[in-house]
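1. Structure of the sequence below:
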Amino acid sequence: MDVRDGFGWRAAWRLAYLAERFAGASAARRVARGVGAVEGLTDRGVRRIALRISPRLAMANPGLVKVSPGWATQVVVRRQGVQLELDLRDNLQAVLYYAGRYEPAVQRFLRGELQRGDVVLDVGANIGVHALTVAKRLQELGGGRVIAFEPAADCLAKLTTAAERNGLQVEVVPAALGERRQHAALRADSRYDVADAGVRSLYGDGDVVQEVPVLRLDDWARENGLDRLDVVKLDIEGGEIAALSGAAHTLTRLQPRALLVEDKRADLSARLHAVLDELGYRPTGEELDHNALFRPAG
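-> Numbering: from 1, shown residues only. Alright, predicted model coming up:
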């Protein structure tokens with residue numbers, strides 16, 4: 001869908017380019033952050049900012065003023081209640097910086113869903129955008145447990161640092177989840193900068209970022225005595241079916257009350273739903289920022 005700016009937003013975002021012309025990239029970034037903070041107050045605005053940033057979608061939306069990749073840098077900021085180090089070459093982190101929020105529907109769901117004592121699993125945790133805010137919410141509620149699976153070393157470092165900086169408890173597992181135990185190549189997406197961590201996967205077509213361990217959740221749960229699981233968020237760029245296959249026993253045994261699974265690929269959606277149906281989970285019909293919500297049948 002072709003999304004276009006009206007006169008007001010076009011003029012506002014062009015101020016960033018004017019600032020760049022007279023005062024450089026740092027000034028442009030500050031102006032763009034100010035404009036983005038206003039546009040990002042609505043969910044629709046957050047989606048528009050994502051379109052302004054994505055190099056893959058730039059040509060599809062020529063009527064939107066884009067965020068220049070030349071403004072990218074490393075910043076330490078407070079977002080969604082936690083202090084984070086962000087690399088603005090990464091789409092996810094850039095959206096969070098400019099819009100002030102990322103996946104706001106997911107954030108609202110998690111905040112409303114969580115209960116004291118919950119055990120939450122974040123698979124594909126990236127830099128901890130959701131894992132950290134979940135840990136903060138559970139801390140406010142009186143306690144709980146957050147387990148974050150993330151294989152990329154740079155993301156792991158930022159997640160661990162952020163948890164320490166914010167005084168939050170997150171158990172970080174430096175591995176990917178799949179249907180069998182192995183080592184595999186974590187690859188970039190050729191359509192994005194190699195530094196864009198949010199689109200890396202075991203199925204990418206870009207450069208190899210690193211070799212990573214792949215575990216079955218069933219093995220990890222048995223080896224670590226996991227005896228409770230309440231909420232699962234699964235977003236691993238097309239690897240969701242393999243991860244669910246390797247988690248079948250754990251999900252059947254512990255039956256978490258909510259599974260939030262990325263479901264944005266039409267070629268995989270039917271099979272994804274079939275796998276979850278076999279595990280006893282049905283879709284609620286809610287779509288939260290390209291994530292489908294499933295709950296136990298009956």
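2. how about low-confidence regions in the chain?
-> The chain contains residues with pLDDT under 70 at 1, 58.
3. What is the burial count for the nearest residue to residue 237 once chain neighbours are set aside?
-> In this structure, residue 237 finds its nearest non-sequential neighbour in residue 201, 3.6 Å apart by CB to CB, 6 or more residues apart in numbering. Heads up, the C-betas are built off the backbone N, CA and C, glycines and all. Other residues near residue 201 come to 20 when the count uses other CB atoms under 10 Å.
4. quick one: residue 201 and residue 74, what's the gap?
-> 24 Å (CB to CB, to the nearest Å).
5. repeat for residue 189
-> 21 Å.
6. quick one: the strands in the stretch 101-250 of the chain?
-> Assigned by DSSP state E, counting those that start in this stretch, the stretch 101-250 of the chain shows strands spanning 119-123, 145-149, 171-173, 176-177, 182-187, 208-215, 231-234.
7. can you put those strands in JSON lines and add mean neighbour count?
-> Formatted as JSON lines, the strands of the stretch 101-250 of the chain follow (neighbours: other CB atoms under 10 Å):
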{"stretch": "strand 119-123", "mean neighbour count": "25"}
{"stretch": "strand 145-149", "mean neighbour count": "24"}
{"stretch": "strand 171-173", "mean neighbour count": "18"}
{"stretch": "strand 176-177", "mean neighbour count": "26"}
{"stretch": "strand 182-187", "mean neighbour count": "16"}
{"stretch": "strand 208-215", "mean neighbour count": "16"}
{"stretch": "strand 231-234", "mean neighbour count": "24"}
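8. Tell me which of residue 189 and residue 74 has more neighbours.
-> Ranked by neighbour count (other CB under 10 Å), residue 189 and residue 74 place residue 189 first, with 20 against 10.
9. Who are the contact partners of the closest residue to that one other than its chain neighbours?
-> Of all residues not flanking residue 189 in the chain, residue 199 sits nearest, at 4.0 Å (CB to CB, 6+ apart). Neighbouring residues of residue 199 by CB atoms under 8 Å, 6 or more residues apart in numbering: 91, 188, 189, 191, 192, 237.
10. Among those, which lie within helices?
-> Secondary structure assignment by DSSP state H places residue 91 of these in helices.
11. I'd like the contacts of residue 199 as a markdown table, with distance to residue 274 appended.
-> Shown next, in a markdown table, are the contacts of residue 199 (distance: CB to CB, whole Å):
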| residue | distance to residue 274 |
| --- | --- |
| 91 | 30 |
| 188 | 30 |
| 189 | 26 |
| 191 | 29 |
| 192 | 30 |
| 237 | 20 |
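12. Quick one: which of the contacts of residue 199 is the most crowded by neighbours?
-> Busiest of these [other CB under 10 Å] is residue 91, holding 22 neighbours.
13. how far away is that one from residue 36?
-> Taking CB to CB, one finds residue 91 at 14 Å from residue 36.
14. CA atoms only for stretch 121-130, dumped as CSV, please.
-> C-alpha atoms of stretch 121-130 as CSV (Å, rounded to 0.1, in the frame of the first residue of the first chain):
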residue,chain,number,x,y,z
LEU,A,121,9.7,-16.9,27.5
ASP,A,122,10.9,-14.4,24.8
VAL,A,123,12.3,-16.3,21.8
GLY,A,124,14.3,-14.0,19.5
ALA,A,125,14.7,-11.4,22.2
ASN,A,126,17.0,-9.2,20.1
ILE,A,127,18.3,-6.4,22.4
GLY,A,128,15.5,-7.0,24.9
VAL,A,129,12.9,-4.5,23.9
HIS,A,130,10.1,-6.8,25.2
